[in-house]
Structure formats: C-alpha cells, structure tokens
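> Take this sequence and fold it.
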Amino acid sequence: MSDLAQNGHGSTAKFAFVGIVAALALLGLALAGGEALLTTLAVTAVVAAVVLIAVPQEKLLYFTFTVTILIAGTAHYYFGILYLYWLSYALGAGVFLRFLVTDVPAGRTARPNQTVPLVILGIFQALVLVTTLASPTSPMQILLGLKVYLPMWLVAVVLAFRPMTECFVERLEKGALLFAAAQAPFVLHQHFTGPDADAVVGTFGNFCNASLMLVCITAILTAIELHQSGRMTTKAAAAHIGLAFMMLLAGEVKAVLFLLPLALAVQQARWLWRNPRKALMAVPLVLVAMGAVVFVYDQLYWSGHGPQSLEEKSIGETFDWTWVNPETGDMGRVTSLAVWVIDRQTDLLHRFIGYGAGATRLDSSAAPGIIGARFAPAAVGVTTASQLLWETGIAGLVLHSAIILSGVLIAIRLGRRAKDEKAKGRMMTVAALLAVLFAYQFYKNYETSRAADQLILATLIGVVAAARRDGSFTPASE
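Numbers count the residues shown, from 1 in each chain. Sure thing, here's the model as predicted:
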C-alpha cells in the first residue's frame, strides 16, 4: 500500500461536488453584490473543491506543499495575485476533510506514537475558538482570524493520525532540498532587479525574506543529515549547502547570524558532546562563516559601515523598546511586547486569554481587528509572540510555545533512543528546526500569519507525533 492512503474517490467526489455547487452559489452572490473579499473566498472554494476531485489523494499533500511554498508567493510577487494565499489554507483544510471522508471510514488510521504536542495543540485551538467566539466581532472577522490559526495545524493532525512510512519521510527530506533549490533563479532575479534587500524573497511573496531564510536553513540541515547518515555524497551535500548559503547572502536577513548557529548547535549536539576537541575546532569555522555573512551584508547593503550599521539596523530596532516608525507603522520587536505590558486598557481576563483571533489585523478594510484599529498605523502584532499575547493572551503564548518545545524535547529523546544513524540524524534535524521556530516566534509573526511557515511547523510536529520510540517510521512493506 502507498504511504499515503489509497483513493476513496467516490465519497470524495460527492463531497467535493457539493462543495463546488455551494461555492458557485456563493460566487454568484459575491459577483452580484460586488464584494471583492467574498468573491475571493468563492473562487478559492471552487478551485479547492475541484482539486479535491482532480488530484489523487496520495498527491494532495504534495500539491498543498507546492502551492503554498512555490506558487502562492510567486503569484503575489510577480503578478499581484493574492487569492492563492487563501487557496493554501483551503488546501490545508482539504487535506484534513479528505482524511475524514476517505481514510477514517476505511480504517486507514493510526494512533500517534507521541501525543503530548497534539494534546497541547488541542488545548491551544480550543482557547483560540473560545476567545474568538466570545469576542464582540463580526462573522467576517472570525473567518479572517481563524484562517491563520486552524487550517495548517490540521495538516499536523492528519500526519499524526495516519500511517507514516519511511518512504514518505524520505520524500519530505528530498522535497526540502528541491524546494530550496527552486528558490535560486527567483533569488538571483530579485537580487539584481529588486529595489532593495527586502525584495529578495524567493517564492514567498512580498517582504517574506524570513520565509526564504527558514527554507535555506532547512536545506542546509537536511543536506548535513543526509551526508552524515551516508545517504548523500560529499559533493552533493556541499552543492546544496553552498546554494542555500548563497541565497542567504543574496538577501539581507540578519536573524540568520543567530538562527543558523542555533540550528547547527542543536542538530550536532550529540557529536559536539562526544568530540569536545573537534567541537572547539568547529566553533571558529562557524564564526568565520557568520563573519563572511556580516562582511557581504556590509558591502552590499550597509554601505561599508560595518558594526555600526549592524547595531543600528538590528540591535537598535530590535531591543529599543520605544522604537516606532511613525510613517510606516513599523514597530520594534521588544517595543511590541512593551506596548502590551504597559497598556492600561487591557484587563486581567484579556491579559490571560486575549481578544480573539484577528484582533491585531491592520491590513483588512473589510474586518479590521479591535487592537489593530486602536493602535493603527502601528503594527503591534509584529511578532508571533506579541500577536499571540494580544489575540490569545498569556495562555495562548504559553501553549503555542509548549507545542514547539515539547516537539524539540521529544525529538531529542527519540534521537538518543534511535538504533541507527539515519534515525538519530533525522530526529536531531527535526529538533533543530523546531528550536529555530521557537526562537522565530520572537522575530516575525509568520507562524500566525504566513501559510508557508505554518505548514513547515505543522509538518515537523506531525512527524514528531508519528515517530516510533526509536525514531523510526513504518516500513513501506507494512
């Protein structure tokens, strides 16, 4: 049997047909009323329903990755098309709905081997639903808010509750390298034709250079893992690492100076512990590599000002708790947290559970968020941490962090128990990427606003949940 479940095509076709009819009716109403947002939702629903019929079940998840990582952002950057972002979320929900319609009735399910992240995820989603439905907001605001909290996490649930084979995980690893390599032509074009470094985003859409960084770090770690487990030659690994590093240099993402060393330290923790002398030799190599990044950024983007520019652009804007750009509304990361701390209008209840999903929205004329409208044009939800504090309160931030941290700890434990180098390396790579995503909460708000980053996080949690006690997965023959 395929590692992804076989078609339950008849029931899926009926389900999708009903969806198409309903979506077409919605589209007619939207066009008649001239509602742009409603029209976007209807078009997305029609396309998603057609995909459920046309794409075989075992390919639907791969199609979701392709649309989310390669197509949606490219359509936005080069053609100004935005509705494909909605399609990404619709496909994420579609993966789950198809699982319910075809796999569950046919008994093609499995019990998760690691349940802690899923239990925390369930509590987190319950909190989001309760606090959102309890907030005095419109149905459209509820829809826009829940769109970025629920669909992609459903992918993690599907991965956890269906048999996951070694072949499937190996395809994920190869996909990580292919998706990263596919960024190269776009990065080169944007680097030489874009107005500034923020235009270098690969296939992730306007201003999403941090998503490009995340995919490049994933490719670097995956290439190292495959090489160390004997599944990739030195030349091939060097090529993938070199290409990813080149793309990191092509666009200015200063967070890589911290996140890449963090990722390498976690991934190689076992090797560093067992080889302290070699570990001491590796530290200078990492410092030289990060120094090269600073040098290139300085020459390309900082006009040769070196450390002074690094301090102004990174340290100053990040850690100055009063930094706000009055013209653009941009806010420092620490500033966004400080505003939540010192705000006098937020009572104890809202401190604990927040104002509901979408409360910090600024970019929606149809349904602006209650907090976004109060602080406009300042973007108080500039990071996932600050957005969660406003929308789900302290409880939401703690739960979201616990999902990721539990994944890190479980992956490390499974890596220690693993019987072969492939399983050890794979689990430590997953732990490293989740460690990056934990820190990522305090850098960007992409874990609560960008489908690509959310899909990567959900996939990692799903892989952890499906892994056996020794870090392995179901053999394809079972």
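> Enumerate every residue touching Ser472.
The contact partners of Ser472, taken as CB atoms under 8 Å, 6 or more residues apart in numbering, are 166, 418-420, 423. Yep, even glycine has a C-beta here, placed from its N, CA and C like the rest.
> Take the residues you listed and keep only those in helices.
Of these, the ones assigned to helices by DSSP state H are 166, 423.
> Rank the contacts of Ser472 by pLDDT and give me only the lowest.
Within those, Lys419 has the lowest pLDDT, namely 86.
> List the residue ranges of this protein that fall below the pLDDT cut-off.
Where the chain drops to pLDDT under 70, the residues are 1-57, 304-324, 326-329, 363-367, 476-478.
> quick one, phi/psi of Arg450?
phi -120, psi 120 (degrees, to the nearest 10).
> pretty sure it is touching Ser211, no?
Yes - the criterion here is CB atoms under 8 Å, and Arg450 meets it with Ser211 at 6.1 Å.
> what residues are shared contacts of those two?
Phe204.
> Would you show me how to pick out the buried ones of the contacts of Ser472 in ChimeraX?
Listed next is the ChimeraX selection for buried residues among these, using 16 or more other CB atoms under 10 Å:
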select :166,418,423
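> In a markdown table, list the contacts of Ser472 along with distance to Phe204.
Listed next are the contacts of Ser472 as a markdown table, based on distance: CB to CB, whole Å:
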| residue | distance to Phe204 |
| --- | --- |
| Glu166 | 29 |
| Ala418 | 33 |
| Lys419 | 38 |
| Asp420 | 35 |
| Ala423 | 31 |
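> outside of the host helix or strand of Leu349, which residues touch it?
Per DSSP states H and E: Leu349 is located in helix 348-353. With contact meaning CB under 8 Å, 6+ apart, helix 348-353 is reached by 127, 130-131, 392-396.
> Helix or strand next in line after that helix, which one?
Criterion used, DSSP H and E; the element after helix 348-353 is helix 370-375.
> which other residues reach that following helix?
135-137, 339, 345, 355-356, 359-362, 380-381, 390-391.
> I'd assumed Pro112 was in contact with Leu118.
Yes - assessed by CB under 8 Å, Leu118 is found in contact with Pro112 at 5.9 Å.
> between these two, what contacts are shared?
Counting by CB under 8 Å, 6+ apart, the shared contacts of Leu118 and Pro112 are 160, 465.
> what's near enough to touch Ser229?
So Ser229 contacts 421-422, 424-426 (CB under 8 Å, 6+ apart).
> 6 Å instead, please
The contact partners of Ser229, by CB atoms under 6 Å, 6 or more residues apart in numbering, come to 421-422, 425.
> ok, and the most crowded of the contacts of helix 348-353?
Highest neighbour count within those, by other CB atoms under 10 Å: Thr392, with 28 neighbours.
> What's the local residue count around Gly356?
Neighbour tally, Gly356, other CB under 10 Å: 28.
> do the same with Asp347
8.
> what's the distance between it and Ile353?
Per CB to CB, to the nearest Å, Asp347 is found 11 Å from Ile353.
> what's the helix or strand for the nearest residue to Thr233 once chain neighbours are set aside?
In this structure, Thr233 finds its nearest non-sequential neighbour in His227, 7.5 Å apart by CB to CB, 6 or more residues apart in numbering. Using DSSP H and E, His227 falls within helix 209-228.
> What is that helix packed up against?
helix 166-181, helix 234-250, helix 256-267, helix 421-440 (3 or more CB pairs under 6 Å, 6 or more residues apart in numbering; DSSP states H and E).
> Report the buried residues of that helix.
For helix 209-228, by 16+ other CB under 10 Å, it's 209-228.
> re the thing from before, now intersect the contacts of helix 348-353 with the helices, please.
Short answer: the contacts of helix 348-353 in helices (DSSP H) are 127, 130-131, 392-396.
> Make CSV from those and add distance to Phe192 to it.
Below are the ones in helices among the contacts of helix 348-353 laid out as CSV (distance: CB to CB, whole Å):
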residue, distance to Phe192
Leu127, 46
Val130, 49
Thr131, 46
Thr392, 42
Gly393, 45
Ile394, 46
Ala395, 47
Gly396, 42
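> tell me the two of these that are most distant?
Val130 and Ile394 (14.9 Å; CB to CB).
> wait, what's in contact with Arg469?
By CB under 6 Å, 6+ apart, no residues touch Arg469.
> Backbone dihedrals for it, both of them.
phi -60, psi -30.
> Equivalent analysis for the one 5 residues further on, please.
Note on Thr474: its backbone torsions stand at phi -60, psi 130 [degrees, to the nearest 10].
> for the residue nearest to His76 when sequence neighbours are not counted, helix, strand, or coil?
Excluding its sequence neighbours, the residue lying closest to His76 (CB to CB, 6+ apart) is Gly205, at 4.1 Å. Here Gly205 is recorded as coil under DSSP: H, G, I helix; E, B strand; the rest coil.
> My read is that Gly205 contacts Gly73, right?
Yes - using CB atoms under 6 Å, Gly205 is in contact with Gly73, at 3.4 Å.
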